[in-house]
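Visitor: sequence-free structure coming up:
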């Protein structure tokens, strides 16, 4: 019997448009011989099933079911395609865990930890994972530009601590521009992280659980046409994403080892994509994404294709692993 799969997409953050694109890729790719796929839009003002005629049916949050033409539909598994909150920060994971409903992304704790850049880096540091020098600010803190520059130098990156798709991020070259960059980041989050600029090759490494094994996908090199890998570079074609990356085998082995170590140290499952920059021949971790983009422009699908894994197999495997755990 075919399984009913709820593909959750949308979300509460500025990433919702990308999430809708990712979710629809999953919807149009899943094997229809195995699965009945349902598009579920999750927004702050509504949770709804959207059919092919764009009719909306409200989700019953008590058991995550939906009533369609007097027929109650219950789901066997949830495919999580929500980037940002509440799909990537632990909220949806916790909700589904309480309902005892299988879902494709990592567990609640891992999602919350990886979504918080500051907490993630602090957790991994004792395991020998290298990271850029950083300075933290919470909303309302006194801003001491001299102390910031003394700690991280210039240029530096000012980032929202809990945001994705490069929202709320600025590259700052002059001390007098720090205030505006900080205010920009606080529009996205009440916590920010200011990081040392690392001048080196940037790579992205997908790590997934595939057929019950931890698999490191081919490495992608990021070459941005803009000053850094911002929203335009990620989604509007202002970058080259070269898979496999044009790096030495020594570099490749080092970053593969680090990415797999992070995945297994954090006891991850499902998809992940870790970003690194090489400095002094060593990979430095920038961040870990647990619900990476799944659009045709996104990095993880490119890596899976290079590895010989079709998107149908990639998505189907995620569902089958969730159902068996």
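Guide: All right, it came through fine. Just so you know, these numbers come straight off a predicted model, no measurement behind them.
Visitor: Let me see the backbone angles for the nearest residue to residue 30 once chain neighbours are set aside.
Guide: Nearest non-adjacent residue to residue 30, counting by Cβ to Cβ, 6 or more residues apart in numbering: residue 37, 4.9 Å away. C-beta here means a position set from N, CA and C on the backbone, and glycine is covered the same way. According to degrees, to the nearest 10, the main-chain angles of residue 37 amount to phi -100, psi 140.
Visitor: Report how many residues lie close to residue 37.
Guide: 22 (other Cβ atoms under 10 Å).
Visitor: Could you verify my assumption that it touches residue 24?
Guide: No. Assessed by Cβ atoms under 8 Å, residue 37 is found out of contact with residue 24, at 10.3 Å.
Visitor: Break this protein down into its structural domains.
Guide: What automatic domain parsing lists as the domains of the chain is 3-104, 113-130+199-324, 134-196.
Visitor: about what we covered before: would you mind measuring from the residue nearest to residue 30 to residue 58?
Guide: Going from residue 37 to residue 58 by Cβ to Cβ, to the nearest Å gives 19 Å.
Visitor: who's residue 39 bridged to?
Guide: residue 7, residue 50 (DSSP bridges).
Visitor: what's the burial count for it?
Guide: 21.
Visitor: One more: residue 17?
Guide: When neighbours are counted by other Cβ under 10 Å, residue 17 comes out with 13.
Visitor: What is the three-state secondary structure of it?
Guide: helix (DSSP: H, G, I helix; E, B strand; the rest coil).
Visitor: Quick check: residue 24 touching residue 41?
Guide: No. The pair residue 24 / residue 41 is not scored as a contact, 10.8 Å apart, by Cβ under 8 Å.
Visitor: out of these two, which sits in the more crowded spot?
Guide: Using other Cβ under 10 Å, the more surrounded residue of residue 24 and residue 41 is residue 41, with 21 against 16.
Visitor: excluding its backbone neighbours, what's nearest the more buried one?
Guide: Spatial nearest neighbour of residue 41, excluding adjacent residues (Cβ to Cβ, 6+ apart): residue 10 at 4.6 Å.
Visitor: residues contacting the one you found?
Guide: 16, 19, 20, 23, 41, 42, 43, 82 (Cβ atoms under 8 Å, 6 or more residues apart in numbering).
Visitor: all helices of the stretch 51-200 of the chain, in order?
Guide: For the stretch 51-200 of the chain, helices defined by DSSP state H, counting those that start in this stretch occupy the ranges 91-99, 108-115, 117-124, 145-152, 178-186.
Visitor: which of these is buried the deepest?
Guide: helix 108-115 (a mean of 21; mean count of other Cβ atoms under 10 Å).
Visitor: Residues contacting it, please?
Guide: Taking Cβ under 8 Å, 6+ apart as the rule, helix 108-115 contacts 85, 88-90, 93-94, 97, 105-106, 119-120, 123, 162, 266-268, 272, 287-290.
Visitor: same thing but at 7 Å, please
Guide: With contacts defined as Cβ atoms under 7 Å, 6 or more residues apart in numbering, helix 108-115 is touched by 88-90, 93-94, 97, 105, 119-120, 123, 162, 266-268, 288, 290.
Visitor: Nearest residue to the spatially most central residue of the chain in space, please, no chain neighbours.
Guide: Nearest to the mean C-alpha position of the chain, by Cα atoms, centre = their mean, lies residue 289 at 3.0 Å. Once flanking residues are discounted, residue 289 sits nearest to residue 273: 4.6 Å by Cβ to Cβ, 6+ apart.
Visitor: The one you found: what secondary structure?
Guide: Going by three-state DSSP: residue 273 is strand.
Visitor: ok, it touching residue 293?
Guide: No. Counting by Cβ atoms under 7 Å, residue 273 does not reach residue 293; the two are 8.4 Å apart.
Visitor: Give me the common contacts of those two.
Guide: With Cβ under 7 Å, 6+ apart, residue 273 and residue 293 have common neighbours 299, 300.
Visitor: residues near residue 254, how many?
Guide: 17.
Visitor: May I see the buried residues of the helix or strand harbouring it?
Guide: Assigned by DSSP states H and E, residue 254 belongs to helix 249-265. Across helix 249-265, burial judged by 16 or more other Cβ atoms under 10 Å covers 251, 252, 254, 255, 256, 258, 259, 260, 262, 263.
Visitor: between those residues, which is closest to residue 67?
Guide: Nearest to residue 67 among those is residue 263, at 39.1 Å by Cβ to Cβ.
Visitor: and that closest one, how far is that from residue 124?
Guide: 11 Å.
Visitor: Packing partners of the helix holding residue 254?
Guide: Using 3 or more Cβ pairs under 7 Å, 6 or more residues apart in numbering; DSSP states H and E, the elements in contact with helix 249-265 are strand 202-210, strand 213-216, strand 271-279, strand 282-289.
Visitor: quick one: buried residues of stretch 209-220?
Guide: Buried residues in stretch 209-220 (16+ other Cβ under 10 Å): 209, 210, 215, 216, 217, 218, 219, 220.
Visitor: Let me fix that, I meant to ask about stretch 290-299.
Guide: Result for stretch 290-299 [16+ other Cβ under 10 Å]: buried residues 290, 291, 292, 293, 294, 295, 297, 298, 299.
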